[in-house]
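Trainee: kindly return the folded structure for what I paste below:
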Amino acid sequence: MITTSRSEAVKTDLSKFRTGDYVAGPKWKVLTWYFVNYWIFYSALPWPYGFKARLLRMFGAKVGRGLVIKTKVRIKNPWRLAIGDHVWIGEEVWIDNLENVTIGSNVCISQGALLLTGNHDYTAHDFPYRLGRIDLEDGAWVGARSVVCPGVRLGSHAILTVNSVASRSIAPWEIHAGNPAQYVRDRVMKK
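Mentor: Okay, the predicted model is just below:
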């Protein structure tokens, strides 16, 4: 058995970090979006939902009908975002989409939730990105202050409860809670 003392181990060197294959987009688009995101979406002013939906479309997002998007929302790259019909996005939601994020119809993302498509490979000295898309299927609900990690899919009508962390996909109609989120019970809806 070969052992390496911690002092001899390869160490993290953040000066070696490169973005790899990741390209945010054309510089003019990224820069323009930075200001739109800051002044309109991340603003405390209640800009009309229809206006915000049009802006998202202008920047390449696919947005359905009836989007409700509250104040103080941050979206990294709208051109990597698809939103279905009648979606609710609560105050202070952060869609950190270095990769594609697809949000189905009738999805609720509650206050302060984070959709996180990027992570780092901590086993490599240069700390490269590890990216993964996020898919929220129709009827899913991401509870307030919850985190959805890269590569996670919330199945149709799945629920991630308040302040939970989904590091693995959640099957349709299941409710998960905790950090890491664990199965709690099936979702049953009244008729």
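Trainee: going forward, measure contacts and count neighbours with C-alpha atoms only.
Mentor: Will do.
Trainee: is the residue nearest the centre of the chain in a helix, a strand, or coil?
Mentor: Nearest residue to the geometric centre of the chain (CA atoms, centre = their mean): residue 115, 1.9 Å. Recorded secondary structure, residue 115: strand (DSSP: H, G, I helix; E, B strand; the rest coil).
Trainee: show me what contacts it?
Mentor: Counting by CA atoms under 8 Å, 6 or more residues apart in numbering, residue 115 makes contact with 94-97, 134, 147-150.
Trainee: as JSON lines, those with pLDDT and secondary structure would be great.
Mentor: Output for these, formatted as JSON lines (pLDDT from 0 to 100; DSSP: H, G, I helix; E, B strand; the rest coil):
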{"residue": "94", "pLDDT": "98", "secondary structure": "strand"}
{"residue": "95", "pLDDT": "98", "secondary structure": "strand"}
{"residue": "96", "pLDDT": "97", "secondary structure": "strand"}
{"residue": "97", "pLDDT": "96", "secondary structure": "coil"}
{"residue": "134", "pLDDT": "98", "secondary structure": "strand"}
{"residue": "147", "pLDDT": "98", "secondary structure": "strand"}
{"residue": "148", "pLDDT": "98", "secondary structure": "strand"}
{"residue": "149", "pLDDT": "98", "secondary structure": "coil"}
{"residue": "150", "pLDDT": "97", "secondary structure": "coil"}
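Trainee: buried among the residues you listed? Need that as a selection in PyMOL.
Mentor: Restricted to buried positions by 16 or more other CA atoms under 10 Å, the PyMOL selection for the contacts of residue 115 reads:
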select buried, resi 94+95+96+97+134+147+148+149+150
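Trainee: may I see the contacts of residue 115 organised as a markdown table, with distance to residue 184 added?
Mentor: Output for these, formatted as a markdown table (distance: CA to CA, whole Å):
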| residue | distance to residue 184 |
| --- | --- |
| 94 | 25 |
| 95 | 26 |
| 96 | 27 |
| 97 | 28 |
| 134 | 22 |
| 147 | 17 |
| 148 | 17 |
| 149 | 19 |
| 150 | 22 |
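Trainee: for residue 30, state which of the contacts of residue 115 is nearest.
Mentor: Residue 30 lies nearest to residue 97 out of the contacts of residue 115, by CA to CA, at 12.8 Å.
Trainee: list the contacts for the closest one?
Mentor: Applying CA under 8 Å, 6+ apart, one finds that residue 97 lies in contact with 75-77, 80-81, 115-118, 133.
Trainee: that'll do, ta.
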